[in-house]
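In: What would the 3D arrangement of this be:
(2 chains)
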Amino acid sequence: RKEVEQDPGPFNVPEGATVAFNCTYSNSASQSFFWYRQDCRKEPKLLMSVYSSGNEDGRFTAQLNRASQYISLLIRDSKLSDSATYLCVVTGGYQKVTFGTGTKLQVIP
Amino acid sequence: DAGVIQSPRHEVTEMGQEVTLRCKPISGHNSLFWYRQTMMRGLELLIYFNNNVPIDDSGMPEDRFSAKMPNASFSTLKIQPSEPRDSAVYFCASSLHDYNEQFFGPGTRLTVL
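Out: Okay, here's the model as predicted:
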């Protein structure tokens, strides 16, 4: 089993739709969780950290489920500018950092 | 702050040549990471440093790859000799500590012919 798994997509959604991505991880000792966004031919950039209690930033909501070992990202009211690849990141018990392979989102007019 | 700086931005070389990639982390950051990204394998962690000391180099593909961090403001990733399968985008990232958010440089796009 991969350490961090994501559905590669692509997810093609119309503008204004709500879309959710999940990311599962195998190391139960994982400590820190993040969502990054990567635009085509650009570097990854932090979108948001994921806290145990869940957190929200505008149209974006991130949640952590330790029992089932997954994190999720919900995007409401999708914009064309949300089109990108979304990478989940898990930091393990020995601080090893693992990126998922990413989920591609395409928002369609 | 200028962010993480990488050079060169693009490198085209021939098989067998030595390639050196450079990175300047954000001032004050204690951790530095080298990644490689390809379509097939995604983003792979090659090696990371804490306070200039290599902590985990298990992602380094083979002995042809080496990385150094002689001081807090500079790191290199060297490939010698280079092979076509090394063609990828190489990212450097830094963070305050290894469990904090990472800030990525713009990457070096390497093509080995």
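In: Which positions in chain B make contact with chain A?
Out: Applying CB under 8 Å from any CB of the partner chain, we find that chain B lies next to chain A at B:33, B:35, B:42-45, B:48, B:55-56, B:91, B:98-107. C-beta: built from backbone N, CA, C; applies to glycine.
In: neighbours of residue A:65, just the number please.
Out: By other CB atoms under 10 Å in any protein chain shown, 13 other residues sit near residue A:65.
In: roughly how far apart are it and residue A:22?
Out: Per CB to CB, to the nearest Å, residue A:65 is found 9 Å from residue A:22.
In: between those two, what contacts are shared?
Out: A:71, A:72 (CB atoms under 8 Å, 6 or more residues apart in numbering or on different chains).
In: quick one: strands adjacent to the lowest-mean-pLDDT helix or strand in chain A?
Out: None of the helices or strands of chain A scores lower by mean pLDDT, DSSP states H and E than strand A:97-99, at a mean of 86. In the sheet, strand A:97-99 lines up against strand A:84-91 (antiparallel) (DSSP bridges).
In: ok so, going back, now the least confident helix or strand of chain A: buried residues?
Out: A:97, A:98, A:99 (16 or more other CB atoms under 10 Å in any protein chain shown).
In: same thing with stretch B:28-38?
Out: Counting neighbours by 16+ other CB under 10 Å, stretch B:28-38 gives B:29, B:30, B:31, B:32, B:33, B:34, B:35, B:36, B:37 as buried.
In: Pull it out as CSV, backbone CA atoms only.
Out: The C-alpha coordinates for stretch B:28-38 follow below in CSV (Å, rounded to 0.1, in the frame of the first residue of the first chain):
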residue,chain,number,x,y,z
GLY,B,28,15.9,31.7,9.0
HIS,B,29,14.5,28.4,7.9
ASN,B,30,16.1,25.4,9.5
SER,B,31,15.0,22.7,7.1
LEU,B,32,15.8,22.2,3.4
PHE,B,33,14.3,19.6,1.1
TRP,B,34,15.2,18.4,-2.4
TYR,B,35,12.4,16.9,-4.6
ARG,B,36,12.2,15.5,-8.0
GLN,B,37,8.9,15.6,-10.0
THR,B,38,8.1,13.5,-13.1
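In: From the chain's centroid, how far away is it?
Out: 6 Å (CA atoms, centre = their mean, to the nearest Å).
In: and residue B:33, what does it touch?
Out: A:97, B:45, B:47, B:48, B:49, B:92, B:93, B:94, B:95, B:102.
In: Disregarding residues adjacent in the polypeptide, which is nearest to the last one?
Out: Leaving aside its sequence neighbours, residue B:102 sits nearest to residue B:93 (CB to CB, 6 or more residues apart in numbering or on different chains; 4.1 Å).
In: Might you report the residue contacts of the residue lying closest to residue B:19 once chain neighbours are set aside?
Out: Of all residues not flanking residue B:19 in the chain, residue B:79 sits nearest, at 4.5 Å (CB to CB, 6+ apart). By CB under 8 Å, 6+ apart, the contact set of residue B:79 is B:18, B:19, B:64, B:65, B:86, B:110.
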